[in-house]
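J.: Okay, here's the prediction I keep looking at, along with the sequence it came from:
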Amino acid sequence: MNTHVLIYDGFVNFEIMLATYLMKTQGEIITVGLSSEMVNSHEGFAVKPQKDINEVDWDEVEVLIIPGGDIGAIEGNKQLISIIKKLDINRKYIGAICSAVELIKQAGILEGREYTDNHTNHVDTYKVSRNIITAKANGYVDFAIELGNMLNIYSDKEDYNETVRFFKYFENN
């Protein structure tokens, strides 16, 4: 299973690092940009997307992760909004964290669903609603672990528990 990650100028790299690390155990990570031009992460990393949005066969995509950051570069992009809607209709997995939740709100796919974002007042760092996981910025560890759980990447309950202990609680065994 390959995981597609949308990257854009101002995306926050740290929010998706653990998620991509875990998903890499199941297939390739494919970075996608609105164009093939280099983008700069919030942290200052210059990254060239592997594919631009027009090169992706969206019918073949199983998972799309959208990091937060300055979404001004992608906000309101009609093609991207259409892709997100199509992925949801086809029950593909969508992960959005931090300000990326605003983007999928624009697509209208959160209406009538539970979600969390940086503006909600509850303590939940993430929420799952069918094929969608949303998370607050500080929920990046929970986001990554639960995305893996949604996609059945853990070999068994002990593998899952070990992942939680190691990445969330920093236990070595």
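T.: Structure received. Numbering: from 1, shown residues only.
J.: Could I get the contacting residues of Glu43?
T.: Val12, Asn13, Phe14 (CB atoms under 8 Å, 6 or more residues apart in numbering). Heads up, the C-betas are built off the backbone N, CA and C, glycines and all.
J.: And the pLDDT at the spatially most central residue of the chain?
T.: Of all residues in the chain, the one closest to the mean position by CA atoms, centre = their mean is Ile65, 2.4 Å from it. You'll see Ile65 listed with a pLDDT of 98.
J.: For it, what is the enclosing helix or strand?
T.: strand 63-66 (DSSP states H and E).
J.: any idea how far Ile66 is from the nearest residue to Ile81 once chain neighbours are set aside?
T.: What sits nearest to Ile81 in space, not counting adjacent residues and going by CB to CB, 6 or more residues apart in numbering, is Ala107, at 4.8 Å. Distance from Ala107 to Ile66, counting by CB to CB, to the nearest Å: 10 Å.
J.: and Lys105, how far is that from Leu80?
T.: Taken as CB to CB, the span from Lys105 to Leu80 is 13 Å.
J.: who has more neighbours, the two?
T.: Between Lys105 and Leu80, Leu80 has the larger neighbour count (other CB atoms under 10 Å), namely 20 against 15.
J.: picking that back up, tell me the helix or strand right after the strand holding Ile65.
T.: Taking DSSP H and E, what comes next after strand 63-66 is helix 78-89.
J.: Could you pull up the mean pLDDT of the following helix or strand past that following helix?
T.: Under the assignment DSSP H and E, the closest C-terminal helix or strand after helix 78-89 is strand 93-97. Strand 93-97 shows a mean pLDDT of 98.
J.: before we move on, what about stretch 76-88?
T.: Per-residue scores along stretch 76-88 average to 97.
J.: which parts of it are buried?
T.: Asn77, Leu80, Ile81, Ile83, Ile84, Leu87, Asp88 (16 or more other CB atoms under 10 Å).
J.: I'd say the fifth one and Ile94 touch.
T.: The reference is to Ile84. Yes. Using CB atoms under 8 Å, Ile84 makes contact with Ile94 at a distance of 6.7 Å.
J.: what's the overlap in contacts for these two?
T.: Common neighbours of Ile84 and Ile94 (CB under 8 Å, 6+ apart) are Leu64, Ile104, Ile109.
J.: related to what we said a few turns ago, same drill for Ala107 and Ile66, tell me which one is more crowded.
T.: Per other CB under 10 Å, whichever of Ala107 and Ile66 has more neighbours is Ile66, with 29 against 19.
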